[in-house]
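Novice: Could you look at this predicted model? Sequence included:
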Amino acid sequence: MINKLCLIICCLLLLLLLPGCWNRRELNELGIAVGIGIDKVGNNYRVTAQVVNPGEVAMKMGSNRSPVIIYEATGRTVFEALKKMTTNSPRAIYLSHLRILVFGEAMAKEGIQNPLDHFSRDHEVRTDFFIVVAKGNTAKNVLRVLTPLEKIPANSLFLSLDRSQKLWAPTATVTLDQLISDLISEGSNPVLTAIKIFGDGQSHDPENANDIDPRARLYYSGLAVFKADKLIGWLNEKESKGYNYLKDNVKNTVGVQSCPGGGNLSVEVFNTKTSTKGSVVNGKPSIDIRIEAEETIGEVMCQIDLSKTSTITMLEDQLEQNLKGILRQVIDKAQQEWKVDIFGLGEVIHRSNPQAWKSLKQNWNEQFTGMNITVNAEVKIRRVGTVINSFQKKPEE
Amino acid sequence: MNKNIRISVRQFTVLILLYTIGTTILVIPSSLAVDAKQNAWIAAAAGCLISTAIVGLYIWLGGKLGDRTLIEYVEYVFGKWMSVPLTLLFLFFSFIGSATVLFYIGNFMTTQVMPETPIESIVILFTCIIVMGLLAGLEVLARAAEILMPWFLLLFIVSTFFLIPEIEIEKIQPVTEIGLKPIFKASLSYLGTASLPLFVFLMVFPAFIHDRAKAKKGFLIGNLLGGLFIIVITFLSISILGADFTERNLYPSYALAKKINVGDFIQRVEILMAGMWFITIFFKISFYSYSFVTGLAQLCGIKEYRPLVVPYGILLIVYSLTVYPDVVYMMDFDSTVYIPYILSIALLLPAFILAAGAIKENMSK
């Protein structure tokens, strides 16, 4: 009898512990932050959070309220600012569903290392969000733009970056762990995608998302180059594409090639494979880059006879030159203008010759500037699409 | 002691395996990467090989024990009074062992999963299960291991399978950069967490096992298989998270499980993966505790250890909360004090007992 009583009391006591109510977080108490922006204001960090308004997102018939709300707070550290946000937000900021982290340009120039620590330390934060830099703007302004089609702007940014990396190439989907490993690596410097606001007007006006042609739009524009953790410059679209070719990040993209008789044709690039080999001879590092790409003709806007093998060979030749040109341009820019290794070629040398790397890493960026980099490209045109020759006739003369 | 208790060789092998993996799987990739960097998985493999020798020593000593447990053997060799300090050393070792491992699981839960829940509630709950297991006895624990093993395997295989696409082989290169010395140093911390604690199994092996000849083989196999799991986890940590991130993470294998994302559909499953650690850590604490309470009972000449279990559980809760004042102390202790400590208890002590036993045998001849 006493045993049974003990058992019952034990069960009741366990009831206190087992349901796990201690750490309960009700959905309606959480402010789910999908985008975080960090700017520097004086010596303080201004943190902007784009928080989902769940009612507005879930409702089929949306009312006129905005699907996301911006909260901001300023603090000496990022964590302080995030906690301080509760002074103007009714819900605690919850970071597990973060999609995008935006650094303002001024912040990026000063160095992004410090604010990143909280994101790698906090247990709520995962590493699957993308990190971008607001070009010529503050992070706050970027997060204030409402987007059509996707109700949640941060989601729209995340998806658009993901798609453009897969289909268009000159962007980079950099996640937290990648960024940190680029930052600490002695043979590599990080690169982030740049984001710009196009147009201005009342970008945070809910009307902006209702417009058929919104007055303010966000778009990705090339890559931002860092030396260690400080922003030092931007790559344009072509250079960004070259960067991604070199890093073997290109999955699918478009190349435009001029025809012999004037006019252009475009090719779809897929199945690219870049292999980078490093070697050290007499203490001098050198890098050999080989790109193999398969392409198909996607569009013809000129006079060209695609039914001949010789045409295809000629095109392949030109495309190879083209590809080499794209790579050379970005390599030259990195070597001559910025003098920093943004490609992680130091890591390639490290892997190929760990012994030599020990002395080379002392002044790697200088070594990189004077390093001999050879580029080889091999293009194969496999298919020409569903038609052989274009219907386009010679212009009447 | 009731000498009629018997567990099968298979149960024993599974117990060794789970005990080897417990806590090791959670913390070892990090401590291996501190010294061996991208070659941490080689250090794990080296540790696994060296551990065979250590298990060999335990089997050798086990062969001398016959029907006695370790503590009874120590008493037989050294006499009633001389044996007390040695026994106390052993008891202290198993008590510290279970308290630290209990702290590990509590700290893991409060750091990664439920930061606002007091660590006490987790530790108390976990101890309740340990106490239940001890009250039920060795045979029940062994059967539980047999039942839980497939679940552990399922979780492990599923998570490994899902993680394979994330592997970036560049992260383990260059393979030959790290010299032998750091690898050896790293493998010491493998031994300290995975193999040397197996010493406590001399309270079970070979006295309570059906087929003693086969049990020797089971001991070796369980240890090697457990090592294999740890090599795989270390390899995955290094090749997916990178050496630096692994080194800086408190719980790399949890960070690893966070990486699982199959088609944006199977994701955020890390807490299911944590099930693996609960299962293995349960057996780790159970056997540290089992050797403590049975050892204490034998030292005091109590026939039945069960009355000691509940007071022991209460002590364990309190001690696990005070054994490490904070996490930084824990890491500092584990990397500096712990390794020499466990080497002297779990390597020198059995060697000493073995030598003394041999001398006694010779003298009596």
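Specialist: Great, that's in hand. Everything numeric in this text was worked out from a predicted model, so none of it was measured.

Novice: Ends of stretch B:341-355, what's the gap?
Specialist: This stretch, stretch B:341-355, spans 20 Å end to end (CA to CA, to the nearest Å).

Novice: Report the buried residues of that stretch.
Specialist: Of all the residues in stretch B:341-355, those buried under the rule 16 or more other CB atoms under 10 Å in any protein chain shown are B:Ile342, B:Ile345, B:Ala346, B:Leu347, B:Leu349, B:Pro350, B:Ile353, B:Leu354. No exception for glycine: its C-beta is placed from N, CA and C like everyone else's.

Novice: ok, those residues vs A:Val379, which is closest?
Specialist: Closest approach to A:Val379 among the buried residues of stretch B:341-355 (CB to CB): B:Ile342, at 60.4 Å.

Novice: surely that closest one meets B:Pro197?
Specialist: Yes. Using CB atoms under 8 Å, B:Ile342 is in contact with B:Pro197, at 7.3 Å.

Novice: Run through the strands of chain B in chain order.
Specialist: For chain B, the strands defined by DSSP state E occupy B:261-262, B:266-267.

Novice: who wins for proximity to chain A among those strands?
Specialist: Closest approach to chain A among the strands of chain B (CB to the nearest CB): strand B:261-262, 7.0 Å.

Novice: Direction included, what does the closest one pair up with?
Specialist: Strands adjacent to strand B:261-262 in the sheet, as given by DSSP bridges, are strand B:266-267 (antiparallel).

Novice: Contacts for the partner strand, please.
Specialist: Identification of contacts with strand B:266-267 by CB atoms under 8 Å, 6 or more residues apart in numbering or on different chains yields B:Phe162, B:Ile260, B:Asn261.

Novice: Please report phi then psi for the second one.
Specialist: By that I understand B:Ile260. phi -60, psi 120 (degrees, to the nearest 10).

Novice: Could you check how far the residue nearest to it when sequence neighbours are not counted is from B:Pro311?
Specialist: Excluding the flanking residues, the one nearest B:Ile260 by CB to CB, 6 or more residues apart in numbering or on different chains is B:Phe162, at 4.7 Å. The spacing between B:Phe162 and B:Pro311, counted by CB to CB, to the nearest Å, is 44 Å.

Novice: what do you get for A:Asn155?
Specialist: 56 Å.

Novice: and A:Gly55, how many neighbours?
Specialist: A:Gly55 has 12 neighbours, counted by other CB atoms under 10 Å in any protein chain shown.

Novice: thinking A:Pro170 is in contact with A:Tyr219, fair?
Specialist: No. Applying CB under 8 Å, one finds A:Pro170 not in contact with A:Tyr219, separated by 11.6 Å.

Novice: Who has more neighbours out of those two?
Specialist: More crowded of A:Pro170 and A:Tyr219, by other CB under 10 Å: A:Pro170, with 23 against 12.

Novice: Could you list which residues are in contact with the more buried one?
Specialist: Each residue near A:Pro170 by CB under 8 Å, 6+ apart is listed here: A:Ser164, A:Gly222, A:Leu223, A:Glu237, A:Lys238, A:Ser240, A:Lys241, A:Tyr243, A:Asn244, A:Thr253.

Novice: On the three-state scheme, it is what?
Specialist: What DSSP: H, G, I helix; E, B strand; the rest coil gives for A:Pro170 is coil.

Novice: what about the closest residue to it other than its chain neighbours, which helix or strand?
Specialist: Closest residue to A:Pro170 apart from its sequence neighbours, by CB to CB, 6+ apart: A:Ser240 at 3.6 Å. Secondary-structure assignment from DSSP states H and E places A:Ser240 in helix A:237-246.

Novice: Tell me the helices and strands packed up against that helix.
Specialist: In terms of contacts (3 or more CB pairs under 8 Å, 6 or more residues apart in numbering or on different chains; DSSP states H and E), helix A:237-246 is packed against strand A:217-227, strand A:264-281, helix A:309-332.

Novice: Any idea how far that helix is from the middle of the chain?
Specialist: Chain-centre distance of helix A:237-246: 13 Å, with CA atoms, centre = their mean, to the nearest Å.

Novice: got the residues of the stretch 1-150 of chain A near chain B?
Specialist: Counting by CB under 8 Å from any CB of the partner chain, the stretch 1-150 of chain A comes close to chain B at A:Leu14, A:Leu17, A:Leu18, A:Gly20, A:Trp22, A:Asn23, A:His123, A:Arg126, A:Thr127, A:Asp128.

Novice: Take these and lay them out in JSON lines including neighbour count, pLDDT and secondary structure.
Specialist: Shown next, in JSON lines, are those (neighbours: other CB atoms under 10 Å in any protein chain shown; pLDDT from 0 to 100; DSSP: H, G, I helix; E, B strand; the rest coil):
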{"residue": "A:Leu14", "neighbour count": "13", "pLDDT": "76", "secondary structure": "helix"}
{"residue": "A:Leu17", "neighbour count": "16", "pLDDT": "68", "secondary structure": "helix"}
{"residue": "A:Leu18", "neighbour count": "11", "pLDDT": "72", "secondary structure": "coil"}
{"residue": "A:Gly20", "neighbour count": "11", "pLDDT": "66", "secondary structure": "coil"}
{"residue": "A:Trp22", "neighbour count": "13", "pLDDT": "72", "secondary structure": "helix"}
{"residue": "A:Asn23", "neighbour count": "14", "pLDDT": "71", "secondary structure": "helix"}
{"residue": "A:His123", "neighbour count": "16", "pLDDT": "87", "secondary structure": "coil"}
{"residue": "A:Arg126", "neighbour count": "22", "pLDDT": "86", "secondary structure": "coil"}
{"residue": "A:Thr127", "neighbour count": "18", "pLDDT": "85", "secondary structure": "coil"}
{"residue": "A:Asp128", "neighbour count": "19", "pLDDT": "86", "secondary structure": "coil"}
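
Novice: Closest one to B:Ala40 out of these, please.
Specialist: For the residues of the stretch 1-150 of chain A next to chain B, the nearest to B:Ala40 is A:Thr127 (19.9 Å; CB to CB).

Novice: residue contacts, that closest one?
Specialist: Contacts of A:Thr127 by CB under 8 Å, 6+ apart are A:Thr175, A:Leu176, A:Asp177, B:Ala255, B:Lys258, B:Lys259.

Novice: could I get those residues as JSON lines with neighbour count?
Specialist: Shown next, in JSON lines, are the contacts of A:Thr127 (neighbours: other CB atoms under 10 Å in any protein chain shown):
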{"residue": "A:Thr175", "neighbour count": "14"}
{"residue": "A:Leu176", "neighbour count": "20"}
{"residue": "A:Asp177", "neighbour count": "19"}
{"residue": "B:Ala255", "neighbour count": "24"}
{"residue": "B:Lys258", "neighbour count": "19"}
{"residue": "B:Lys259", "neighbour count": "20"}
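
Novice: Return the member of those nearest to A:Lys230.
Specialist: The nearest one, if we look at the contacts of A:Thr127 relative to A:Lys230 and count by CB to CB, is A:Leu176, at 18.2 Å.

Novice: quick one: that closest one and A:Leu116 touch, right?
Specialist: Yes. A:Leu176 lies in contact with A:Leu116 (CB under 8 Å); the separation is 7.2 Å.
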